[in-house]
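Here is my input, please return the structure:
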Amino acid sequence: MTFRPDAVQTFLDDVFEPSKSRIRAFPGCRHMELLRHTEHPHVLCTFSIWDSEEALNEYRHSELFKDTWAKTKALFAQRAEAWSMETIDPHV
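Numbering: from 1, shown residues only. Presented below is the predicted three-dimensional model:
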């Protein structure tokens, strides 16, 4: 997610902080963290692990997601990208 530089702190304080516990507690979410690009501090990314694609889709269709996403995308400098990935070489 590429934010307007002046909007990063707003995202952290007003969007991410109040919603992170609720997202992590959403059924099927096993892990969620926020990452920041080391050279471009206005570029952030969430990394999450879900029990299944169905669980992720339940979240994507929830009021929690709709509310959080509406607030988040209003702060973007450019369109966000999202990928679903699968493990091909698990580290145990």
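
all helices of the chain, in order?
Per DSSP state H, the chain carries helices over the ranges 8-10, 17-24, 53-60, 63-73.

TSV for the ones you listed, including mean pLDDT and mean neighbour count?
Every C-beta, even on glycine, is put in place using the N, C-alpha and C of the backbone. Below are these laid out as TSV (pLDDT from 0 to 100; neighbours: other CB atoms under 10 Å):
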stretch	mean pLDDT	mean neighbour count
helix 8-10	98	14
helix 17-24	98	13
helix 53-60	96	14
helix 63-73	97	14
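
Tell me which of these sits nearest to residue 83.
helix 53-60 (11.7 Å; CB to CB).

Counting by contacts, list what that closest one packs against.
Applying 3 or more CB pairs under 8 Å, 6 or more residues apart in numbering; DSSP states H and E, we find helix 53-60 packed against strand 44-50.

got the CA coordinates for the strand it packs on in PDB?
Taking C-alpha atoms only, strand 44-50 is exported to PDB below (Å, rounded to 0.1, in the frame of the first residue of the first chain):
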ATOM      1  CA  LEU A  44       3.400  -0.400   4.000                       C
ATOM      2  CA  CYS A  45       2.200  -4.000   3.600                       C
ATOM      3  CA  THR A  46       0.200  -6.400   5.700                       C
ATOM      4  CA  PHE A  47       1.200 -10.000   5.800                       C
ATOM      5  CA  SER A  48      -1.500 -12.400   7.100                       C
ATOM      6  CA  ILE A  49      -2.000 -16.100   7.300                       C
ATOM      7  CA  TRP A  50      -5.500 -17.500   7.100                       C
END
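
what comes up buried for that strand?
By 16 or more other CB atoms under 10 Å, the buried positions in strand 44-50 come out as 44, 48, 50.

export the helices of the chain to CSV and tack on distance to residue 82?
Below are those laid out as CSV (distance: least, CB to CB, whole Å):
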stretch, distance to residue 82
helix 8-10, 19
helix 17-24, 14
helix 53-60, 9
helix 63-73, 10
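
And for residue 1, the neighbour number?
20 (other CB atoms under 10 Å).

OK, contacts around the closest residue to it other than its chain neighbours?
With CB to CB, 6 or more residues apart in numbering as the criterion, residue 1 has its nearest non-adjacent residue at 4.7 Å, and that residue is residue 80. If you count contacts by CB atoms under 8 Å, 6 or more residues apart in numbering, residue 80 has them with 1-2, 73.
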